[in-house]
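**Q** Sharing a sequence plus its predicted fold:
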Amino acid sequence: MKSNIHLIDDVGASIILSKLRKQALNPSMVRHYVSEMTAALTRHVLQRPEEGERIAVIIILRSGLAMADQFMDAFENTDDTVAYHLGLFREKESLRPIEYYNKLPAKDPEIRRAYVLDPVVATGGTATAAIDILKDWGVDHITFFSLLGSKQGLDRVADVWPEGTDIFVGAIDNVLDEEGYVQPGLGDIGDRLYGTNRAR
């Protein structure tokens, strides 16, 4: 495993993940378990900000929204944090990331570190695009936080900016199928979170 990939060993999170893998869950329960797993793993991911440091939390739309509240609530009341959103999705045929929303302002010089929230790293395309965007924005360090990733996708992400990025992940699955989904994985987590995978 690459040196900047950190596999979190947390028994509680592993139990939640086994529940989250069940494809029959309704969207409310998927959101519940994503929130619970985020809470269990966040304590392994967060580092206390330095004095005078402002922390940027980057939420990858749309699935990162399900991690945001639990993650943001883990900061202390005195911590200076700001949340921004990046809209990135994977095009179905090419599997390439498409950026559709980016409202990052001119970077505050007090923001040196960014946390990126995205529940699943599959091919790694979305994650690498987010890292490139934030590196160009001017942060010194990125902590990428996912609940689950494929080995192939995580290795790809780890190579984008190895000296400036740490990746924290709750579990790693070794197989990526032809459609770019992690196996056994969690399915299309964005669709599962919001019920958009169901036939109308």
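**A** Sure, I can see it. Numbers count the residues shown, from 1 in each chain.

**Q** quick one: low-confidence parts of the protein?
**A** Counting by pLDDT under 70, the chain contains low-confidence residues at 93, 95, 198-200.

**Q** try 50 this time
**A** Counting by pLDDT under 50, the chain contains low-confidence ranges at 199-200.

**Q** where do the helices sit along it?
**A** Using DSSP state H, the helices of the chain run over 11-20, 27-45, 65-73, 125-137, 151-158, 189-194.

**Q** by contact count, what packs against the first one?
**A** It stands for helix 11-20. Secondary-structure packing of helix 11-20 (3 or more Cβ pairs under 8 Å, 6 or more residues apart in numbering; DSSP states H and E): helix 27-45. C-beta here means a position set from N, CA and C on the backbone, and glycine is covered the same way.

**Q** Now do the helix it packs on and helix 11-20, the angle between them.
**A** Using axes from the mean of the first three to the mean of the last three Cα atoms, to 10 degrees, the inter-axis angle of helix 27-45 relative to helix 11-20 is 160 degrees.

**Q** Angles on the backbone of the residue nearest the centre of the chain, please.
**A** Nearest to the mean C-alpha position of the chain, counting by Cα atoms, centre = their mean, stands D118 at 2.1 Å. Torsion angles at D118 (phi, psi; degrees, to the nearest 10) stand at phi -160, psi 120.

**Q** Quick check: chain neighbours aside, which residue is closest to it?
**A** Ranked by Cβ to Cβ, 6 or more residues apart in numbering and with sequence neighbours excluded, the top spatial neighbour of D118 is I60, at 4.1 Å.

**Q** Check L17 too.
**A** Nearest non-adjacent residue to L17, counting by Cβ to Cβ, 6+ apart: A171, 5.6 Å away.

**Q** hang on, isn't the one you found packed against V11?
**A** No - under the contact definition of Cβ atoms under 8 Å, A171 does not touch V11, with a separation of 12.0 Å.

**Q** between those two, which one's more packed in?
**A** When A171 and V11 are compared on other Cβ atoms under 10 Å, the one with more neighbours turns out to be A171, at 23 against 8.

**Q** who touches the more buried one in this structure?
**A** Shown here is A171, whose contacts under the criterion Cβ atoms under 8 Å, 6 or more residues apart in numbering are 7, 13-14, 17, 147-149.

**Q** same question, P49
**A** 55, 79-80, 113.

**Q** redo that, cut-off 7 Å
**A** With contact set as Cβ atoms under 7 Å, 6 or more residues apart in numbering, P49 has these partners: 55, 79.
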